[in-house]
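# coords please:
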Amino acid sequence: MQFQPSATLRSRTYIGLILAQFLAAFNDQAIHASSMFYAIHQRTLTEAQAISLMPILFYAPWAIFCTLAGYLADRYSKRDSLVFWKVAEIAITLVALAGFWVGTGLHSSYGPWIVLSTVFLMGTHSAFFVPAKYGVLPEILQPQMLSQANGILESTSFLAVILGTVCGGILSYLFRDMEYFIGMILLALAVIGAGASFLIQYMPAADPHRPFPTNLAKPLLDNLRTMLRSKPLALSVLGIAFFTFMVAFMRATIYMHGESCVPRWRESTISLVVATVALGVGLGSYLAGNFSGGKVELGLVPLGAVGMAFSAMLAGVILFWLPGLITMLILIGFFSGFYIVPLYTLLQQRAPKSSKGDLIATSNFINVTGAILASLLFFMLVSAAQMTGIAPLIEQKDNVIHGELLRWEYRHGRLSYFEVQDGPEDISKIGRPRSAEAETPDNLDDDVIEHRIDVDDDLIDVMGRGLQPASSDKPGSQVVVSTYKLRGALHYKLRPADQPLKDVYDQEQLPHYLFLSASLMTLGILYLLCRQLPDFFVRALLWLRSHGRYRLKVVGLNNLPTDGPVILATNCDRFDTCMQVVTAADRFTRFVLLESDPDERPPWLLRYLAKRTGLVALRPTGETQEAWDKALAKALKALGQGNLVGITADGSGPTPHMVELLQDLRQRTAAPILPVFCGALLPQAGPDAHPSLVRRMQVVIGHPLPEAATPEDIRQAIHRLGEWMYQQDRDGLQASTLVIPGGAPAATKG
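Residues are numbered from 1 along each chain as shown. I've put the predicted structure just below:
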C-alpha cells in the first residue's frame, strides 16, 4: 500500500521521529558538555579554549557537508537517512566510550582528544540528520498538521537540549575519574534511539533519480538563488538565520556576564542559566504550534520578535538581579518559540517537494554563517567598548612574583593553587591547596568559601599553554605573576616569563549594552521581515482577534506561486473574509475589497493598519471615478512589484466598475488569475454565514484559470471551490487524495 500522510500526530511514524530526535538532541548536548568538562579536567584544554572550540567542532560539519546532506535527504527515502544516522550514533558513542576508557583507565593523553573528536562526529550526525528530520514532516503529515507538529518537535528538541546540557555537567561531576560510565550511558541511549527510528514507516524518495553533485558548490549556489527569488522562502530563511545568530550572540553575552561577576560563575552555573532560555523556547514552541491551528500562522512572528526585543531590553536593565535575569531569559526563549515555529513551518511547506531536504541543508549553512557573524560582531562590540572606555582599563601591578613554577592544583577545571619559587629559599603559595579542602564543611557553598579566604580561585587566569610545574626529571616553567584589584577581590594572573603583560578590562557593565544591542537587532530584523511582508502586524492583530472565535484552515496553498504577480479572484465582500484570505497567503497581498456590508466595523486599529499596508475598501455604490482609478493604480503597482492582488470577483455580485477593474488588470499585466473561496464550515450555517457566528473558516485556493476566462467563468470557478469545500465538510472526508476542482491534490481537514 502506498504511503499516505497522516491526519493525526498519533501516527507511529511521527511518534518514532519524536523519540529518535529527542534522544539524538540529548546525546548531542550531553557529549558536548561532558567532552568539554573532561578536556578541562584532564588539562588538555583551558576553560576558555574549550568554550571557544566546542561550537567550532560541532557546527563546522553543518557548513562542510550541507550539499551532501541535502542530496542524500532527497535522493533516498528520508526514513533510510534517519535510521542510518541513528545507527551511526551508536558508533559515535562507542568512540566516546573508548576515549573515556583510554584517558581514564589507561591514563593516556590521547583519551581527551578521542572524546573531543566525537563532538565533531555528532556535528556531522546533526548535519545529515536535521535536513531529513525537518524535511520528512511534510511527507508524513498533512499540511494542516505541520504547525502543531513543528511546535512539538521544537519543544521536545529544546527540552532535550536542556536535559543533555545539565546531565552532561552532572555526569561529569558524579563520574569524575570514572568517565567511561558516561560513555556507557550515552551508548545505551543511542541504542534506544536507534530502536525508536525503526518505528518510522518507509516513504518513497523525493527525487530518486537525482544525480550526484560533482560540483559541491553549485547546488548550494542554486539553492541560494531559489530562496532569494521566492518571497516565502526568503522570509523564512532570513528569519531562521537571525534566530541562530541571536542564540550565538546571547550565549556569548551570558558567558561574559558570568565571567565578569565576582565571584565568577562556574561553567556549570552558566550552563544552567543558558538552559533557562531553552526551557522558554520549548514552552513557546509548543504553544505556537497549538495557536497556529491548521495553517502557517505568520502573525505570531512579529509578536515573538517584539516580545524577544522587550525581554532582552529588560534583561539588560536587571542584569545583576539573578531571579529577574532568569525570568527575562525564559521570556526571551518563550517568545523565540512564537517567532521560530511559523518560519520553520513555512520553509517546510513552501520548499519544492523534490528538494525539501536540500533547501533545509542550505538553510543550515546560512544558520552557521549567522552564528559566525554573531561571534565576529560580538568581538567587534567588545573591542569597541574597550577603546571607548565603556569597559575601562584596569591598572595592574606586575612582577609581584617571578620564579620557577613548582606546583599547581585545579578545582572545578580552574587553577585553584600554585607555588612559585622566587628565591633560593622563598616559595610563594597562592590559593587554597587540596589538603585545605578537608577543613571546609562539605555543605558550605563554594562562593561563600571563596569569600572567606583572601584569594578567589575563580579569578586566577592562566595565560598561555606551555606552562608546566616542576617534576622529578625536569624543572618547572619560569613564570611571572601580576595582580590587580577588582570590586574588592584580588586577582592573580600567572603567565610565562617571556610573555608580555596583557591588558585587563573591567567588563562588568558591558553585558548591559550587549543585551540592549540584542534588543535593537531584533527590532532591526523585524523591520527587514516587514519589508518582505508589509502586513506582518495586520496578521498579528488578526490572530489576536480571531483567537478563540474561529479557526482558519487553508487548502491548496501550493497552488499559489512563491514569486511573481498573481491576481486572486475571491468571493470576499466583507472585511473579515478579506483579511482571512490575506492571512491565508504567505505573501503580501494588496486587496481591492468591494464591501457589501458598510455597517461592519472591525477594531479601528486593525482597519487603519490594513488600509496603511494593503487594503483598498470600496463601496458598491457612490464611489467616484477617481477612487476607482486610484484602486487600479495601487493594484497595478502591487503587481508590478511582484506581489499578490486580491479582488472581489463574486460575493453579493460585483459592479460593472469591479468587472472593468479586473479586465484592466488582465489587459495590462500577464499575472495569472487564481480563484479563491473563503467560507464558514458549520453544519447549520450556509455559505452566507457571518464570520463572527462561526467556529471554523476555510480558504480554498484553486488552480490558475485560462487566459480567455470571462468574468462569468471566474465566478463559476469560485462557486465550484465553495461547493467542493462544503461537500468535503459534509462528508467528513480526510483522505489525502481529495482533489480541488481543476485537478490538483488538496490538503484535507484534520
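
# can I see the domain layout of the chain?
Per the record, the chain has its domains at 12-201+216-388+514-529, 397-496, 534-745, by automatic domain parsing.

# and those domains, which one is worst for confidence?
In terms of average pLDDT, domain 397-496 trails the rest of the domains of the chain, at a mean of 68.

# these two touch, right, Phe65 and Val130?
No: between Phe65 and Val130 there is no contact under C-beta atoms under 8 Å: 11.0 Å. From N, CA and C alone the C-beta is placed, and that goes for glycine too.

# So between those two, which is more surrounded?
The residue with more neighbours, out of Phe65 and Val130, is Val130; 24 against 20, by other C-beta atoms under 10 Å.

# nearest spatial neighbour of the more buried one, skipping sequence neighbours?
Among residues not flanking Val130 along the chain, Asn364 sits closest, at 6.2 Å (C-beta to C-beta, 6 or more residues apart in numbering).

# element containing the one you found, please.
helix 356-388 (DSSP states H and E).

# re earlier: tell me the most buried of the domains of the chain?
Comparing these by mean neighbour count (mean count of other C-beta atoms under 10 Å), domain 12-201+216-388+514-529 ranks first with a mean of 21.

# Can you show me the CA trace of stretch 110-122 as CSV?
Below are the C-alpha coordinates for stretch 110-122, written out as CSV (Å, rounded to 0.1, in the frame of the first residue of the first chain):
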residue,chain,number,x,y,z
TYR,A,110,45.1,10.6,23.6
GLY,A,111,41.8,9.9,25.5
PRO,A,112,40.6,13.5,25.7
TRP,A,113,41.3,14.1,22.0
ILE,A,114,39.4,11.0,21.1
VAL,A,115,36.4,12.2,23.2
LEU,A,116,36.7,15.7,21.6
SER,A,117,36.5,14.1,18.1
THR,A,118,33.0,12.8,19.0
VAL,A,119,31.8,16.4,19.2
PHE,A,120,32.8,16.8,15.5
LEU,A,121,31.2,13.4,14.7
MET,A,122,28.0,14.4,16.4
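
# which residues touch that stretch?
For stretch 110-122, contacts defined as C-beta atoms under 8 Å, 6 or more residues apart in numbering pick out 27-28, 31-32, 34-35, 38-39, 42, 44-45, 53-54, 57-58, 60-61, 89, 92-93, 95-96, 98-104, 179.

# for the helix holding Asn364, packing partners?
If contacts are counted by 3 or more C-beta pairs under 8 Å, 6 or more residues apart in numbering; DSSP states H and E, helix 356-388 sits against helix 47-64, helix 66-75, helix 110-140, helix 217-229, helix 231-260, helix 322-350, helix 510-532.

# Run the angle between that helix and helix 217-229 for me.
80 degrees (axes from the mean of the first three to the mean of the last three C-alpha atoms, to 10 degrees).

# still on that earlier bit, distance to Asp498 for the helices and strands packed on helix 356-388 - can I get that in JSON lines?
Converted to JSON lines, the helices and strands packed on helix 356-388 look like this (distance: least, C-beta to C-beta, whole Å):
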{"stretch": "helix 47-64", "distance to Asp498": "20"}
{"stretch": "helix 66-75", "distance to Asp498": "43"}
{"stretch": "helix 110-140", "distance to Asp498": "27"}
{"stretch": "helix 217-229", "distance to Asp498": "44"}
{"stretch": "helix 231-260", "distance to Asp498": "26"}
{"stretch": "helix 322-350", "distance to Asp498": "41"}
{"stretch": "helix 510-532", "distance to Asp498": "31"}
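
# Cheers, nothing more for now.
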